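# Show me how the following folds:
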Amino acid sequence: MEIRIPKIGVEDGDVLIQGWTKLAGSFVQKDEIIAILETDKVVNDLASPGDGVLEIVVAEGQRARMTEVIGFVRNPQQEKPLAAPDNEQTRRAAPSVRRLARSMGVELSDIAADSAHARVTRQDVLNLGPKKAKTVDPGTDSFIRATPLARELSRQWALDLSTIEGSGPDHAVLADDVRRAEAAAGTSSEHQSLGSDQRLGQRRSLPPIRQAIARNLVQSLAETAQMTLMGWFDVGALLTLYQALQEDHEYLGVSPSWSAIFVRVLAVSLTANPVLNGFLTDHEWVQWDAVNIGLAVATDRGLLVPVIRQADQKSLVAIHREAAFLAIQAREGRLSPDDMNGGTVTLSNFGSFGGEWGTPILHRGQSGLLGIGAMEKHPIVDQDDHIVVGYRMPYSLTVDHRAIDGAVAGSFVKTLKEMIARPTRLM
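The predicted model follows:
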């Protein structure tokens, strides 16, 4: 039974085999997760198409194309045994069992198969493996359970596999285990002298998602004329709403977040003033019918932007729940391509990391991106000329200047401020 890469929505169809969760020769069950696939945007689990013994064709760390065969699930009863050498007592075994034996340095002729069994089983090899390990030359790692990529990395970095603790099935050494050992030992540091006081540090290849982010940002800057307006939002009234949500968070079932509140602010503002909710083609301005707000989420793998669709038609509480769910999915690498497609305007809350202003870069196909900074107290003069404590938040609004002039962008900022000053309009 073939194991093929499914169509998962990547633009160029190129997929990285991030890892196999089962070793070759392992018995797997239908719908059991057997591999993790990584594209430019998402990480997907790959389930077994049926019950049987796993045969790996494309190794961990290698790339393949969508619909390409990367392995098989074999029925052990249907496998044809490989012919044994003339000088070896015949031992019938499935190809996957023979590969396991080779990887552990075990000769099938050394296995005294039970007369009740016609074939050497995987368990027979595993039982003999630890005994044979004592007789294997210490200079080789052939008896160490490890993935092909782990072995290759250990050879490149001159690491002894026997000293690396494996985190895979049956304590097999995975590529990530070798990478961690290499980082701890510092063996990947290239201390090449560049000058009297310059030396190179560590070099690491960029993961696919980081490469995609870099590529898209450069293309966005090359294809548009980006302009950023900066200023302050008076968020005193909005803070009252935030505090009310905090007091009722158990009843509402959500904890308030500034990001979710500003998704709603953006959605309502775009309904009232849709000047940013579109994009420019070579000859015309195209207005979107839907208001779909992309919400930038920082993850260990890079910045991901899931989309809250039709945000103008959803309540503030519904947006809070969806934003929290998408953020969790993003950080766990569980977003689907559909979760990140179709945004019309994006929100980036760099204030959650202590930032104030910035020059956020537009997502391709969009003409507006609102960045918000951290809220702070500041003195203001009230209508009675008394100095009182106020609350403000810095903003950075980036637009495509080819289609949106400063006056138009300023008009949208005015709409935003009106919505922020009257939080009841957000309900």
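# where does the stretch 151-300 of the chain have low pLDDT?
152, 156, 169-170, 186-209 (pLDDT under 70).
# Can you show me the strands along it?
Counting by DSSP state E, counting those that start in this stretch, the stretch 151-300 of the chain has strands at residues 226-234, 278-280, 285-287, 293-295, 297-299.
# so Trp237 sits right up against Ala421, yeah?
Wrong residue type there; residue 237 is Ala, not Trp. Yes: Ala237 lies in contact with Ala421 (CB atoms under 8 Å); the separation is 5.7 Å. Glycine gets a C-beta too; all of them are placed from N, C-alpha and C.
# Can you tell me the closest non-neighbouring residue to the residue nearest to the spatial centre of the chain?
Among the residues of the chain, the one closest to the centroid is Gly333, at 4.1 Å (CA atoms, centre = their mean). Of all residues not flanking Gly333 in the chain, Val43 sits nearest, at 3.7 Å (CB to CB, 6 or more residues apart in numbering).
# quick one, phi/psi of that neighbour?
Main-chain torsions, Val43, degrees, to the nearest 10: phi -120, psi 130.
# What's the separation between it and Val297?
14 Å (CB to CB, to the nearest Å).
# Arg4 too?
Relative to Val297, Arg4 is positioned 30 Å away (CB to CB).
# between these two, who's got more neighbours?
Taking other CB atoms under 10 Å, Arg4 and Val297 do not tie; Val297 has more neighbours (21 against 14).
# and that one, what are its bridge partners?
For Val297, the beta-bridge partners are Leu304 (DSSP bridges).
# Next up, the contacts around it.
Applying CB atoms under 8 Å, 6 or more residues apart in numbering to Val297 gives the contacts 303-306, 326-327, 330-331.
# Buried ones among those residues?
Burial by neighbour count, 16 or more other CB atoms under 10 Å: within the contacts of Val297 this picks out 304-306, 326-327, 330.
# I'd like those written out as CSV, with pLDDT added.
Formatted as CSV, these follow (pLDDT from 0 to 100):
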residue, pLDDT
Leu304, 88
Val305, 91
Pro306, 93
Leu326, 92
Ala327, 91
Ala330, 87
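# With respect to Thr21, which of those residues is nearest?
Ala330 (21.5 Å; CB to CB).
# three-state assignment of that closest one?
helix (DSSP: H, G, I helix; E, B strand; the rest coil).
# Pretty sure it sits against Thr299.
Yes: if you go by CB under 8 Å, Ala330 and Thr299 touch, sitting 5.4 Å apart.
# thinking the residue nearest to Gly333 is in contact with Ile36, fair?
Yes: counting by CB under 8 Å, Ile36 is a contact partner of Val43 at 6.2 Å.
# what sits in contact with each of those two?
Listed as contacting both Val43 and Ile36 by CB under 8 Å, 6+ apart are Gln18.
# since we're on Gln62, how many residues are nearby?
Gln62 has 13 nearby residues by other CB under 10 Å.
# so is Val389 in a helix, a strand, or just coil?
With three-state DSSP as the criterion, Val389 reads strand.
# same question, the one 3 residues further on
In the three-state summary, Arg392 is assigned as strand, counting by three-state DSSP.
# who touches the nearest residue to it once chain neighbours are set aside in this structure?
With CB to CB, 6+ apart as the criterion, Arg392 has its nearest non-adjacent residue at 4.6 Å, and that residue is Trp232. Taking CB under 8 Å, 6+ apart, we find Trp232 in contact with 392-395.
# per-residue confidence at the residue nearest to Val388 when sequence neighbours are not counted?
Of all residues not flanking Val388 in the chain, Asp382 sits nearest, at 5.2 Å (CB to CB, 6+ apart). pLDDT recorded at Asp382 is 84.
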